[in-house]
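In: Sequence and predicted structure are below.
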Amino acid sequence: MLKRLLLASALCAAASVQALAQTPVKIGVLNDRSGVYADISGEGSVAAARMAVEDFKAAEKGLKVEIVAADHQNKPDVGASIARQWYDRDGVDAIFDVPTSSVALAINQVTREKNKAFVNSGAGTADLTGPQCSPNTVHWTYDTAALANGTGGAMVKRGGNTWFFLTADYAFGQALQRDTTEVVTKNGGKVIGAVKTPFPTADFSSFLLQAQGSGAKVIGLANAGGDTINAIKQAAEFGITEGGQAIAGLLIFSSDIHALTTKTAQGLVLTEPFYWDLNDGTRTFSDRFAKQAGGKKPTAVQAGVYASVLHYLKAVEALKSASDGAKVVAKMKEIPTEDPLFGKGTIRPDGRKIHDMYLFEVKKPAESKGPWDLYKTLATIPGNEAFRPLNQGNCPLVNKS
């Protein structure tokens, strides 16, 4: 009799464990894995997502999580096609990362149609929480409004009151120029010229010569990744900063500065939401990440993937389902955010994740203690000051509420 009771207890316990692990969650990390944004996202974002699942202890909390990845090649049609296949045939519940704003806007639309979830870390356009906001989308890491408020405002206050833009000719570059122009003019500055540059491009010489000839005090680079690296290298070759003009990298990542080296990038002022050496939490995570990434420290985009996957899983655990994307996103907005990389925060009704941003300056070579010792902190910008006010984004979700 005792043996039967013990056997029955064991079977019940096994059944309970089996039942606990029956909530399936399939996450798709969609990004640039071979082009100009591969270093800021790429395989590093996939590693960050896996770390989040591990740290969340998903299996112990009844979630069976699978991660898949694909390369959208920075093409909206390719990204949308992958998203439809993932949602319709492959059972993907949520898509993460998606650098390249034109691709992100396409994924935003497909996700809403399919009632799945889209948690963006890589794209910059603030339109994702503005006119194109969706009940199925969260914009986590940064956006063009926050970058403009940080770097644009700081440069004008430092005396850079005339600007010329080199703007990547797609949604992100155009949004960044628009938002920075607004900040510059609001602070008493003036935009005296701009030129659209092909995306991607390796040769910025003719565009830099136009900017140099304009006499503007600040040349604003409304681009990112490999394009930014190429533009800054060529600006150095032309002696632009030596001639008295400042270069403002409006979207710079630590991987870009590492590639440029502090010798080339020293003195550059930039805005980021994350840096590996900010505090004990960021350092601990970054050391673990580096062991999986050949010694590379995580970028803000990769950190955003980690933190956003953690929060997404909290929402799925609370609902015990990932199937209804709008419900999951609503739960993400309801639960306060907290993680070791971005600290405490919130997600607004428009889908904008709110956390502090930081104004950094690239160290001089003599100040740097190693290849990843890149920044010194100039200022912390509180989240409610960094991001666009909720009532100014023209988000239909806000207007209807």
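Out: Sure thing, it's come through.
In: Could you give the number of residues near Asp77?
Out: Neighbour count for Asp77, taken as other C-beta atoms under 10 Å: 12. For every residue, glycine as well, the C-beta is placed using N, CA and C.
In: Let's verify it: helix, strand, or coil?
Out: helix (DSSP: H, G, I helix; E, B strand; the rest coil).
In: In contact with it, which residues are there?
Out: When contacts are counted by C-beta atoms under 8 Å, 6 or more residues apart in numbering, Asp77 touches Ala106.
In: remind me which residues of the stretch 1-150 of the chain are low pLDDT?
Out: Counting by pLDDT under 70, the stretch 1-150 of the chain shows low-confidence ranges at 1-21.
In: switch the cut-off to 90
Out: The model of the stretch 1-150 of the chain has pLDDT under 90 over residues 1-22.
In: all strands for it, in order.
Out: Taking DSSP state E, counting those that start in this stretch as the criterion, the stretch 1-150 of the chain carries its strands at 23-31, 63-71, 94-97, 117-120, 137-139.
In: now those strands as JSON lines including distance to Asn394 and mean neighbour count?
Out: Below are those laid out as JSON lines (distance: least, C-beta to C-beta, whole Å; neighbours: other C-beta atoms under 10 Å):
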{"stretch": "strand 23-31", "distance to Asn394": "27", "mean neighbour count": "24"}
{"stretch": "strand 63-71", "distance to Asn394": "32", "mean neighbour count": "18"}
{"stretch": "strand 94-97", "distance to Asn394": "24", "mean neighbour count": "32"}
{"stretch": "strand 117-120", "distance to Asn394": "18", "mean neighbour count": "30"}
{"stretch": "strand 137-139", "distance to Asn394": "15", "mean neighbour count": "28"}
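In: can I get the ones you listed in a markdown table with distance to Leu270?
Out: Formatted as a markdown table, the strands of the stretch 1-150 of the chain follow (distance: least, C-beta to C-beta, whole Å):
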| stretch | distance to Leu270 |
| --- | --- |
| strand 23-31 | 21 |
| strand 63-71 | 27 |
| strand 94-97 | 21 |
| strand 117-120 | 21 |
| strand 137-139 | 20 |
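In: can you tell which of the ones you listed is closest to Gly393?
Out: Nearest of the strands of the stretch 1-150 of the chain to Gly393, taken as C-beta to C-beta: strand 137-139 at 10.6 Å.
In: contacting residues around that closest one?
Out: Strand 137-139 is contacted by residues 108, 111-112, 117-120, 123, 126, 128-129, 308, 329, 332-333, 347, 351-353 when judged by C-beta under 8 Å, 6+ apart.
In: what about Ala379, how many neighbours?
Out: For Ala379, the count of nearby residues is 12 (other C-beta under 10 Å).
In: Could you pull out the helices in the stretch 1-150 of the chain for me?
Out: Residue ranges of the helices in the stretch 1-150 of the chain, as given by DSSP state H, counting those that start in this stretch, are 2-20, 42-56, 76-88, 101-114, 144-147.
In: Just name the most buried of those.
Out: helix 144-147 (a mean of 28; mean count of other C-beta atoms under 10 Å).
In: quick one: which of the helices of the stretch 1-150 of the chain is nearest Ser134?
Out: Each of the helices of the stretch 1-150 of the chain was scored for nearness to Ser134 using C-beta to C-beta, and the closest is helix 101-114 (4.6 Å).
In: packing partners for that closest one?
Out: In terms of contacts (3 or more C-beta pairs under 8 Å, 6 or more residues apart in numbering; DSSP states H and E), helix 101-114 is packed against helix 76-88, strand 117-120, strand 137-139, helix 171-186.
In: how far off strand 23-31 does that helix point, in degrees?
Out: 150 degrees (axes from the mean of the first three to the mean of the last three C-alpha atoms, to 10 degrees).
In: Which residues does helix 101-114 contact?
Out: 30, 72, 74-80, 83-84, 87-88, 95, 98, 117-118, 120, 122-125, 127-128, 132, 134-137, 170-172, 175, 325.
In: go on, stretch 149-160?
Out: For stretch 149-160, contacts defined as C-beta under 8 Å, 6+ apart pick out 179-180, 183-184, 187-189, 217-218, 220, 246, 248-250, 269-271, 357-359, 378-379, 381, 385-387.
In: Could you list the buried residues of that stretch?
Out: Residues 149-156, 160 are the ones in stretch 149-160 that count as buried (16 or more other C-beta atoms under 10 Å).
In: Could you do stretch 335-348 as well?
Out: For stretch 335-348, by 16+ other C-beta under 10 Å, it's 337, 339-343, 345, 347-348.
In: And stretch 390-401, by the same measure?
Out: For stretch 390-401, by 16+ other C-beta under 10 Å, it's 390, 393, 395, 398.
In: show me what contacts the last one?
Out: What that stands for is Val398. 133, 349-350, 390-391.
In: Regarding the nearest residue in space to Phe165 that is not next to it in sequence, what is its secondary structure?
Out: Excluding the flanking residues, the one nearest Phe165 by C-beta to C-beta, 6 or more residues apart in numbering is Ala194, at 3.9 Å. Of the three states, Ala194 takes strand under three-state DSSP.
In: Right, I'll call it a day here.
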